[in-house]
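Q: Provided below for reference: sequence and predicted model.
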Amino acid sequence: MRDVQNEADDRNLAIDRVGISGISWPISVPDRENGVQETVAEVSLSVSLPRDYRGTHMSRFVEVLSAQEKKVTFHNMEGLLANLKERLHASDAHAIFDFPYFITKTAPVSGARGRVRCDVRFDAALLGEDFDLVTTVEIPVQTLCPCSKEISEYGAHNQRAHASIAVRLASFVWLEEFIEIADRCASAPIYSLLKREDEKFVTERAYENPRFVEDAVRDLALAMQADERVRWFRVSVTSHESIHNHDAFAVIERDKRR
């Protein structure tokens, strides 16, 4: 049959990325408590396309993904991209995996256990022989406004917030470690299951530990700065304000190799 994709193109324009996106795929990721966690990722795969090729072979992206047999981790992302480059005769390859990751949290007083969802992204690139992987973890937390506490006769406004930790790593780090760091840097953690005694504890902890987004993001940055396994980081905290018609956010990015 005629191979239309391999036909020559005379427009003299190389394409930076061409591929597939929005495909859901079962994967396995390392889980500190259980060894492995099965989840489902939304995947984007792409490669560079030389200026003299009309199109790429879209089916080969799914073939490469199928060959991974769900095992998509920090350790084998480079191999996935190398396979993409080889199968599609490309100089560069990219992959993005977005997936939910669940941890079990124990309520602070009652000991009730419930699952909390965090969101993870693997954003990988193989440009020539240079491999790059950015791992991002988004964690729900709670913030309580120090200003509101200071000026109010009683109470203070508090709200759910999200901490985001993006890193380039020199060695493996459990996702759970980032989640625990985010919990420590916030006013209080978020739980899925709380009894009345737990609600009292968490509410009072947040009140005793008021945090601006600026406070939380600085503590996140200090934690990343002190971790020798982290080569580069971008941390942010977004507070979904309860008494304002807007969110508040703060971001710090540092390259520790410089």
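A: Thanks, I have the structure now.
Q: mean pLDDT per helix and strand in this structure: which one sits at the bottom?
A: helix 58-67 (a mean of 89; mean pLDDT, DSSP states H and E).
Q: only the C-alpha atoms, please, for that helix, written as PDB.
A: The C-alpha trace of helix 58-67 is given here as PDB (Å, rounded to 0.1, in the frame of the first residue of the first chain):
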ATOM      1  CA  MET A  58       0.900   7.600  14.600                       C
ATOM      2  CA  SER A  59       0.200   3.900  15.200                       C
ATOM      3  CA  ARG A  60       3.800   3.400  16.300                       C
ATOM      4  CA  PHE A  61       3.300   5.600  19.400                       C
ATOM      5  CA  VAL A  62       0.700   3.200  20.700                       C
ATOM      6  CA  GLU A  63       2.900   0.200  19.900                       C
ATOM      7  CA  VAL A  64       5.800   1.600  21.900                       C
ATOM      8  CA  LEU A  65       3.400   2.400  24.800                       C
ATOM      9  CA  SER A  66       2.000  -1.100  24.700                       C
ATOM     10  CA  ALA A  67       5.500  -2.600  24.900                       C
END
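Q: any idea how far stretch 115-125 is from the chain center?
A: In terms of CA atoms, centre = their mean, to the nearest Å, the centre of stretch 115-125 is set 4 Å apart from its chain centre.
Q: from V213, how far out is the residue lying closest to E253 once chain neighbours are set aside?
A: Of all residues not flanking E253 in the chain, R234 sits nearest, at 4.1 Å (CB to CB, 6 or more residues apart in numbering). C-beta coordinates here come from the backbone N, C-alpha and C atoms, glycine included. According to CB to CB, to the nearest Å, R234 and V213 sit 15 Å apart.
Q: quick one: which of those two has more around it?
A: Neighbour tally, R234 and V213, criterion other CB atoms under 10 Å: the higher count belongs to V213, 22 against 18.
Q: contacts only, for the more buried one.
A: 143, 161, 237-239, 248-250 (CB atoms under 8 Å, 6 or more residues apart in numbering).
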